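Visitor: structural data only, the sequence is not supplied:
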């Protein structure tokens, strides 16, 4: 609690995009702030009805927003109109809610509330989960009071914004923290528990590649697999049949509501490299094969995956090289020597920041009280010094086990 009084004059408003990658760290922060006695307001887009159960007891508001991805001038004008409308509605919401601080977690739905908070001169924070600064966070960074970050050197952060940088780590939910002390079990001669998923909607590439890769392995190895795989609904039938034909035990679903527990019991995870996935793998401490989402404008998932792969915690495969043949070869190598997986699990655990949510909550309380003169975290100070010497970057010193 850092000796800070838990009482704020108004609620903490969390602005987060409608996907799990933005909402999960917002949920983690809300859980911690509620423990400290603060009230929570969530403001997001129309997808909020799918996620309101993540914020029990919070006042939840939906405002329109849009990206500039529409075709031609008409698409741009439509996006501008929605952002202006969303900003106007956010101003009205803030007039009623009177938040002490607004915390944005990125994603295009956060643009209107962040603009409204800046216009109202409410203390503001943005949190960047990825190793690359998102477009909304990059746009508002010059105007906010503090920039919280998972990593010490998010790409595209302007030098003049460095004094606002606080390396907090990426908050993970209580359900993830509950698994943080579950030890990694070596595979030995028993079942090999493999988890495969591709984000909140699943990923077709996993359904296309992983069953064929496992089928190519020797029968005695296939017989040991206990696969849990998230699939798109339309892919469930064919993936189930592929595993049945190969005599591989598999549990398939379009959604698992106990994913942290499934991660903790796994010997290996194959998945995308979203910020929440990377953070949860590190906090729980599990080895992985990560396939970054391709064709992303900022290549944020590739930058995330490189953090764990450079630490020896993961094997990164870009999608154009993610083939059944290469995956089968990699799996055969990993499962032939259980020490490899144990070493990767330990390396992942060393990258975890289980206290990230406390660090971010401390920062929220300081900014809400307009105590913006507080020094950045030790890792941020190290990074600032390194960058001044021209040696900053993704390999700058990083807080461990925060």
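Guide: That came through, no problem. Every value quoted in this text rests on a predicted model; they were computed, and no experiment measured them.

Visitor: doesn't residue 279 fall inside a helix?
Guide: Yes: Residue 279: assigned to a helix according to DSSP: H, G, I helix; E, B strand; the rest coil.

Visitor: how about it, nearest residue that isn't a chain neighbour?
Guide: Take residue 279 and drop its neighbours on the chain: the residue closest to it by C-beta to C-beta, 6 or more residues apart in numbering is residue 170, 4.0 Å away. All C-beta spots, glycine's among them, are computed from the backbone N, C-alpha and C.

Visitor: tell me the contacts of the one you found?
Guide: 25, 127, 129, 150, 275, 276, 278, 279, 353, 356 (C-beta atoms under 8 Å, 6 or more residues apart in numbering).

Visitor: what number of residues lie near the third one?
Guide: Read that as residue 129. 29 (other C-beta atoms under 10 Å).

Visitor: which parts of the stretch 301-402 of the chain are helices?
Guide: Residue ranges of the helices in the stretch 301-402 of the chain, as given by DSSP state H, counting those that start in this stretch, are 324-336, 338-351, 356-368, 378-388.

Visitor: circling back to that earlier point, would you convert the contacts of residue 170 into a markdown table that also reports pLDDT?
Guide: Below are these laid out as a markdown table (pLDDT from 0 to 100):
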| residue | pLDDT |
| --- | --- |
| 25 | 95 |
| 127 | 98 |
| 129 | 94 |
| 150 | 94 |
| 275 | 92 |
| 276 | 92 |
| 278 | 95 |
| 279 | 96 |
| 353 | 95 |
| 356 | 97 |
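
Visitor: low pLDDT regions in the stretch 1-150 of the chain?
Guide: 1-6, 18, 47-52, 69-70 (pLDDT under 70).

Visitor: mind jotting down where the strands sit in it?
Guide: 12-15, 40-44, 59-62, 101-104, 124-128, 146-149 (DSSP state E, counting those that start in this stretch).

Visitor: what does the stretch 151-300 of the chain give?
Guide: Under DSSP E, counting those that start in this stretch, the stretch 151-300 of the chain gives strands at 165-167, 192-196, 225-230, 249-253, 268-271, 288-290.

Visitor: those: which one's closest to residue 238?
Guide: Nearest to residue 238, of all the strands of the stretch 151-300 of the chain, is strand 249-253, at 10.4 Å by C-beta to C-beta.

Visitor: nearest to residue 370, out of the strands of the stretch 151-300 of the chain?
Guide: Here strand 165-167 is closest among the strands of the stretch 151-300 of the chain (C-beta to C-beta), at 15.3 Å.

Visitor: elements contacting the closest one?
Guide: strand 146-149, helix 378-388 (3 or more C-beta pairs under 8 Å, 6 or more residues apart in numbering; DSSP states H and E).

Visitor: residues touching the residue lying closest to residue 30 once chain neighbours are set aside, list them.
Guide: Once flanking residues are discounted, residue 30 sits nearest to residue 40: 4.7 Å by C-beta to C-beta, 6+ apart. Residues in contact with residue 40 (C-beta under 8 Å, 6+ apart) are 11, 12, 13, 14, 30, 33, 34, 55, 57, 58, 59.

Visitor: who does residue 40 form a beta bridge with?
Guide: residue 12 (DSSP bridges).

Visitor: please shift the residue numbers so they start at 58 in all later answers.
Guide: Got it, the first residue is 58 from now on, which makes the last one we talked about residue 97.

Visitor: and the gap between it and residue 72?
Guide: For residue 97, the distance to residue 72 (C-beta to C-beta, to the nearest Å) stands at 12 Å.

Visitor: and for residue 344?
Guide: Taken as C-beta to C-beta, the span from residue 344 to residue 72 is 34 Å.

Visitor: between the two, which has more neighbouring residues?
Guide: Just comparing residue 344 and residue 72: by other C-beta under 10 Å the higher neighbour count belongs to residue 72, 31 against 25.

Visitor: these two touch, right, the more buried one and residue 162?
Guide: Yes: if you go by C-beta atoms under 8 Å, residue 72 and residue 162 touch, sitting 6.8 Å apart.

Visitor: low-confidence ranges in the stretch 208-357 of the chain?
Guide: 256-259, 354.

Visitor: could you redo the last one with a cut-off of 90?
Guide: Scanning the stretch 208-357 of the chain with the threshold set as pLDDT under 90 gives 208-210, 243-246, 255-260, 312-314, 352-356.

Visitor: tell me the contacts of the residue positioned nearest the centre of the chain?
Guide: By C-alpha atoms, centre = their mean, the mean C-alpha position of the chain lies nearest to residue 333, the distance being 2.2 Å. Residue 333 makes contact with 77, 78, 81, 82, 186, 227, 229 under the criterion C-beta under 8 Å, 6+ apart.

Visitor: just these: which are in helices?
Guide: Within the contacts of residue 333, membership in helices is found for 77, 78, 81, 82, as judged by DSSP state H.

Visitor: determine which two of those residues are furthest apart.
Guide: 77 and 82 (9.6 Å).

Visitor: looking at the two, which one has more neighbours?
Guide: residue 82 (31 against 20).

Visitor: what distance do you get for the more buried one to residue 206?
Guide: Residue 82 is 12 Å from residue 206, by C-beta to C-beta.

Visitor: again with residue 232
Guide: Relative to residue 206, and taking C-beta to C-beta, residue 232 is found at 23 Å.

Visitor: next one: residue 176
Guide: Taking C-beta to C-beta, one finds residue 176 at 24 Å from residue 206.
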